[in-house]
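Asks: My questions are about this predicted structure, shown below with the sequence.
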Amino acid sequence: MRADKPGIPEKPEGVDGDIPIEWGSDALAELLSRLDLRYLALVPGSSYRGLHDSLVNYTGNRDPRMLVCLHEEHAVAIAHGYAKVTGRPMAVALHSNVGLMHATMAIYNAWCDRVPMLIVGATGPVDAARRRPWIDWIHTSADQGALIRPYVKWDDQPGSVEAALDSLAQAYSITRAAPSAPVYVCLDVSLQEQPLPALPAIPDVRRDRSPRSHGPDAAAVRTTLEFLGQARRPLFLFGRASRDERDWDRRVALAERYGALVLSDLKNGAVFPTAHPLHPNPPGIFLPAASAGLIGAADLILSLDWTDLAGTLSAAAGHGHPAAGRLVSCTSDSALRNGWSKDSFGRDPVDLSVPADPDLMVRALLEPGDPFKPVKPAEWPAADATPPPPAREIRETADGIGMHDLAAALRDALAGSPACLVRLPLGWHGADLEASHPLDFLGMDGGAGIGSGPGMAVGAALALEGTGRVPVAVLGDGDLLMGGTALWTAAHYRLPLLVVVANNASFHNDVVHAERMAGQRRRPARNTWIGQAIADPDPDLPAFARSLGFHAAGQVRDRSALPAALAAAVAAVRSGQCALVDVRIRPDD
């Protein structure tokens, strides 16, 4: 029976009453049902056919409910998008070594983005005597977890049902503890399919009330407060942070209490209101020149889990504004550093390093006094008191549709109801982002792996279902073409979702690199389209989307037609449909 809504799962027949635990996989499914796992994204595979049967015919496809995907990379990306909204892990099932190899890029994205995720893998029989000819041999590996060990927080390959139960319980606890990252448990097909002579002990996971993150120690708080009390030009760098509204309000209160200016970026989503007077510059993926000036002028920089702090300081120095003030860095990220992945970035030249959750640090810094009463005036130059300019209108100059035009039209189409920008393309300008709530924008994918956008959009739509927020993903055409079949899962489970394709018919980011190379080497820039264009033939993205169950009209090329096309798509999504709008964007934007 097909689901009409994610809250109404595909219900198996004949699964009623008290069903006994008879098989190894039944015990594993029972444990999974006791964890806070609402969904399990999967591509079916024989290596976990035992677990699949138990999820259907023992637990009745409830908690976790299975979400069928068309590629393992999408299954992981869906769990990634879900975690970015909720902060909670989803489960993912991957079929043997081949499914894991499909999923590796998405796992790396989730690792770099520090999101929780419980990945259940499987392998053909570890006991060679049990392997079927050919297929079980090529789907069995001696150490399957080695494929992803450098970019998961923990992995295990248990050898018995009892060990597998303990491993899954431990993995779930580990992935939720800060700093979060995916965990991987590989289940031998044989232990799933073995009959149980007696009921194994199921771990009592509900008694675990351990804190998932830890705050700063008292000495670090005292020192930071001392530094803040002495600072006259404090600057806060807000990086990875929770989606909790109370944490958002505390970040605003702390900045207002000390008159600190705030920087945010486009990599980590909305962490501070972009229109606030203390947030003077639009966020970017890379450091804007105006923000570099603030870094150079600050006498205290408080970095709260800022991504690539060392690189940001280096960029500021490159703009002629080296940091000269004190530097406090609060992050627990060092717990995940290893020698393989360089996503820990360079060494931070800090005066005080605080290994703690950044939002708990903010909370601790507010406790000594009234957060709404400024402790002293800052000495930053007064902000311009003139009202902000009106929202950018669609321009009547230049040919075609620019990214600014798309942003303005989308903003108008979404006016009147809250939305969540799940993803934005590289060409999106920070000035076009208006964020006043932590769910207004979710940031990037962590590892910059093209093809992640569609799956993450589906996962975010799953988490936002029923909240009244319209999930919107603005994706490049390359991103959609790599991962577009992920959208079928949204249509199948009736998840309202708007996808807008900023289609420049090329891998334009690499066109920019090609232009740079040509300029440095004094070679013809007119050749930079070669090896970059997505044309001749032009992929028919609306037809592709319709084949997956999305509402999609023809490509929008005329600027005057853009508002109506977006308004129609937003109306369709508000009525519960999935919709895609393909917009031809000027390739120079």
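Replies: Arrived safely, thanks for sending.
Asks: so what's residue 131 up against?
Replies: For residue 131, the contact set (Cβ atoms under 8 Å, 6 or more residues apart in numbering) comprises 124-125, 137, 140. In this view, the C-beta of every residue, glycine as well, is placed from N, C-alpha and C.
Asks: okay, and for the stretch 351-500 of the chain, where does confidence drop off?
Replies: The stretch 351-500 of the chain contains residues with pLDDT under 70 at 370-377, 382-398.
Asks: for the closest residue to residue 554 other than its chain neighbours, helix, strand, or coil?
Replies: Leaving aside its sequence neighbours, residue 554 sits nearest to residue 542 (Cβ to Cβ, 6 or more residues apart in numbering; 5.7 Å). Applying DSSP: H, G, I helix; E, B strand; the rest coil to residue 542 yields a three-state assignment of helix.
Asks: What confidence value was assigned to residue 542?
Replies: pLDDT recorded at residue 542 is 98.
Asks: How about the one 10 residues further on?
Replies: Model confidence at residue 552, given as pLDDT, is 98.
Asks: So which of the contacts of residue 131 is the closest to residue 152?
Replies: residue 140 (20.0 Å; Cβ to Cβ).
Asks: Assess the claim that the closest one and residue 125 are in contact.
Replies: Yes: counting by Cβ atoms under 8 Å, residue 140 does reach residue 125; the two are 6.8 Å apart.
Asks: re the thing from before, Throw the contacts of residue 131 into TSV and include secondary structure and distance to residue 202, thanks.
Replies: Shown next, in TSV, are these (DSSP: H, G, I helix; E, B strand; the rest coil; distance: Cβ to Cβ, whole Å):
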residue	secondary structure	distance to residue 202
124	coil	26
125	coil	25
137	helix	33
140	coil	28
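Asks: Tell me which two of these sit farthest apart.
Replies: 125 and 137 (9.6 Å).
Asks: more neighbours, the two?
Replies: Each of residue 125 and residue 137 has its neighbours counted (other Cβ atoms under 10 Å); residue 125 has more, 19 against 12.
Asks: ok, so what distance separates the more buried one from residue 143?
Replies: As judged by Cβ to Cβ, to the nearest Å, residue 125 and residue 143 stand 15 Å apart.
Asks: next one: residue 207
Replies: 33 Å.
Asks: Compare the two (neighbour count), which wins?
Replies: A direct count of neighbours by other Cβ under 10 Å for residue 207 and residue 143 places residue 143 higher, at 11 against 7.
Asks: which ones are touching the nearest residue to that one once chain neighbours are set aside?
Replies: Using Cβ to Cβ, 6+ apart and skipping the chain neighbours, the partner closest in space to residue 143 is residue 157 (7.5 Å). Taking Cβ under 8 Å, 6+ apart, we find residue 157 in contact with 123, 143-145, 185-186, 188.
Asks: Same question for residue 298.
Replies: Here residue 298 is in contact with 233-235, 261, 323, 325 (Cβ under 8 Å, 6+ apart).
Asks: cool, and residue 124?
Replies: When contacts are counted by Cβ under 8 Å, 6+ apart, residue 124 touches 47, 96, 131-132, 135-137, 139-140, 189.
Asks: let's see it at 10 Å
Replies: 46-47, 96-97, 130-132, 135-141, 144, 188-190 (Cβ atoms under 10 Å, 6 or more residues apart in numbering).
Asks: For the helix or strand hosting residue 457, what is the distance to the chain centroid?
Replies: Under the criterion of DSSP states H and E, residue 457 resides in helix 453-464. Averaged C-alpha coordinates place helix 453-464 at 9 Å from its chain's average position (Cα atoms, centre = their mean, to the nearest Å).
Asks: how far off helix 453-464 does the helix or strand just after that helix point, in degrees?
Replies: On the C-terminal side of helix 453-464, the nearest following helix or strand under DSSP H and E is strand 470-476. Counting by axes from the mean of the first three to the mean of the last three Cα atoms, to 10 degrees, strand 470-476 lies at 170 degrees to helix 453-464.
Asks: Now do strand 470-476: distance to the chain's middle.
Replies: On Cα atoms, centre = their mean, the centre of strand 470-476 falls 13 Å from that of its chain.
Asks: Could you name the helices and strands sitting against that strand?
Replies: helix 72-86, helix 403-414, strand 419-423, helix 453-464, helix 477-483, strand 497-503, helix 562-574, strand 578-584 (3 or more Cβ pairs under 10 Å, 6 or more residues apart in numbering; DSSP states H and E).
Asks: Go through those and pick out the most buried.
Replies: Counting by mean count of other Cβ atoms under 10 Å, helix 453-464 has the highest mean neighbour count of the helices and strands packed on strand 470-476, with a mean of 31.
Asks: Residue 105 touches residue 77, doesn't it?
Replies: Yes: counting by Cβ atoms under 10 Å, residue 105 does reach residue 77; the two are 9.2 Å apart.
Asks: Mutual contacts of these two, please.
Replies: Looking at what touches both residue 105 and residue 77 (by Cβ under 10 Å, 6+ apart), the common residues are 445, 449, 451-452, 483.
Asks: who wins for neighbours among these?
Replies: When neighbours are taken as other Cβ under 10 Å, the top entry among the shared contacts of residue 105 and residue 77 is residue 452 (31 neighbours).
Asks: contacting residues for the residue nearest to residue 60 when sequence neighbours are not counted?
Replies: Leaving aside its chain neighbours, residue 60 sits nearest to residue 15 (4.5 Å; criterion: Cβ to Cβ, 6+ apart). Going by Cβ under 10 Å, 6+ apart, residue 15 touches 56-62.
Asks: just residue 89 next, same as before
Replies: The contact partners of residue 89, by Cβ under 10 Å, 6+ apart, come to 35-37, 79, 82-83, 115-119, 171-172, 175-176, 180, 182-183.
Asks: can you rerun that using 8 Å?
Replies: Each residue near residue 89 by Cβ under 8 Å, 6+ apart is listed here: 37, 79, 83, 116-118, 172, 175-176, 180.
Asks: which one of those residues sits closest to residue 31?
Replies: Distances from residue 31 to the contacts of residue 89, taken by Cβ to Cβ, are shortest for residue 172, at 9.0 Å.
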